[in-house]
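Visitor: Here's my sequence, what's the structure:
(one chain, ligands or ions: 1)
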Amino acid sequence: MLEGRSLIGPDDFSVTELDRLFELTEQIKNDKRYLRRSCRGKLLAALFFEPSTRTRLSFEAAMLRLGGSTLGFAEPGSSSASKGESLADTVRVVSSYADAIVMRNPKEGAALLASRYSSVPVINAGDGGHHHPTQTLTDLVTIKQLCGQFSGLTVGFCGDLKFGRTVHSLASSLSRYADVKMIFVSPGELTIPEYITQGILKKNNISYTETDRLEKVIGGIDVLYMTRVQRERFLNEEEYIRLKDSYILTPKLMRFAQSGLVVLHPLPRVNEISVEIDDDPRAAYFKQAEYGMYIRMALLASILGVV
Ligand code: NCD
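Guide: Residues are numbered from 1 along each chain as shown. Reported below is the predicted structural model:
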């Protein structure tokens with residue numbers, strides 16, 4: 001269904017294609033033998049020009065579980081980028097070695113550029129503060145599993161909404177579902193960019209509000225998407241230090257939340273969710289990380305054309 005396709009932005013796949021991917025993810029999760037050797041002989045190149053734990057390892061685990069192999073690098077220092085090679089040249093060459101490329105790069109638009117020079121599908125594993133579509137697949141499938149559907153949900157986003165690429169991708173993607181409401185909670189310095197609110201949400205008639213007070217809105221939220229303040233995108237360390245602990249989800253705050261709330265976080269967590277919340281049945285971020293591997297298996301099997 002998705003054979004040969006790249007995934008660069010959060011809306012590259014249609015809602016119907018996403019539904020199919022969610023079904024496939026469920027099948028993979030429920031039957032560990034399903035598709036087990038389907039990617040035998042296939043190679044995934046993982047080019048990580050920025051740090052990553054979950055995204056890189058879940059892609060590698062996904063490919064290995066499908067019977068395929070992976071190669072690549074986890075930091076630019078060990079690649080020819082450090083000698084001054086252009087991304088276009090790197091990608092041209094790597095695409096002649098591998099069947100698909102997954103790439104994370106600090107520059108916005110890098111994945112799109114890579115896809116123009118690649119002869120194989122390119123998956124964007126994060127381009128600067130712009131987008132992170134496979135985290136969105138992970139977030140969506142988790143919400144679908146835990147809430148049943150997207151329509152009618154009130155989704156709260158809290159933290160660094162300016163630099164948080166996972167927020168940009170998830171808000172864009174959710175705006176395609178009917179009757180979704182969004183609440184954006186951030187300090188004034190870290191509000192969600194206008195290209196999302198004006199460019200995407202308004203255009204899709206999504207009702208949204210912006211506030212800097214989590215305690216005022218938490219009671220009306222169905223899915224709370226917490227994020228870390230993105231230190232690496234700040235030009236000024238003092239500004240980061242001032243803003244880094246703007247929000248901390250504590251048991252006290254959780255008392256104001258609904259009993260059916262779902263708390264998500266793309267991870268890594270720094271300080272924004274108190275560890276005491278981990279045992280609260282509403283905390284779903286570790287489950288979410290597990291879904292990340294299953295949906296990446298579904299994605300790889302689909303774009304490599306084995307399913
Ligand atoms: C996110 C990212 O890289 O944008 N991490 C991830 O892929 N799970 C979120 C973050 O780094 O804060």
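Visitor: Can you pull the residues of the stretch 51-200 of the chain lying near the ligand?
Guide: Counting by C-beta under 6 Å from any ligand atom, the residues of the stretch 51-200 of the chain close to the ligand are 54, 55, 126, 132, 135, 165, 166. All C-beta spots, glycine's among them, are computed from the backbone N, C-alpha and C.
Visitor: Find the residue closest to the second one in space, skipping its chain neighbours.
Guide: If you skip the residues right next to it in sequence, residue 55 has residue 125 as its closest partner in space, 4.9 Å away by C-beta to C-beta, 6 or more residues apart in numbering.
Visitor: Quick check: the two most widely separated of the residues of the stretch 51-200 of the chain next to the ligand?
Guide: The distance between the two most remote of these (C-beta to C-beta) is 14.0 Å, for 54 and 165.
Visitor: Between these two, which is the more surrounded one?
Guide: The neighbour count for residue 54 versus residue 165, taken as other C-beta atoms under 10 Å, is higher for residue 165 (24 against 17).
Visitor: quick one, what contacts that one?
Guide: The neighbours of residue 165, taking C-beta atoms under 8 Å, 6 or more residues apart in numbering as the test, are 126, 127, 128, 129, 130, 131, 132, 135.
Visitor: measure the residue nearest the centre of the chain to residue 169 for me?
Guide: Compute the mean C-alpha point of the chain, and by C-alpha atoms, centre = their mean the closest residue is residue 135, 1.7 Å away. As judged by C-beta to C-beta, to the nearest Å, residue 135 and residue 169 stand 7 Å apart.
Visitor: go on, residue 218?
Guide: The gap separating residue 218 from residue 169 is 23 Å, by C-beta to C-beta.
Visitor: what do you get for residue 190?
Guide: For residue 190, the distance to residue 169 - C-beta to C-beta - is 17 Å.
Visitor: These two: who's more crowded?
Guide: Just comparing residue 190 and residue 169: by other C-beta under 10 Å the higher neighbour count belongs to residue 169, 27 against 21.
Visitor: quick check, the more buried one in a helix?
Guide: Yes - the assignment for residue 169 is a helix, going by DSSP: H, G, I helix; E, B strand; the rest coil.
Visitor: Could you pull up the residues touching it?
Guide: Contacts of residue 169 were listed using C-beta under 8 Å, 6+ apart, and they are 9, 10, 131, 132, 133, 135, 136.
Visitor: And the fifth one, how far from residue 152?
Guide: Spelled out, that is residue 133. Noted for residue 133: a distance of 24 Å to residue 152, by C-beta to C-beta.
Visitor: So between the two, which is more surrounded?
Guide: The residue with more neighbours, out of residue 133 and residue 152 and counting by other C-beta under 10 Å, is residue 133; that gives 27 against 13.
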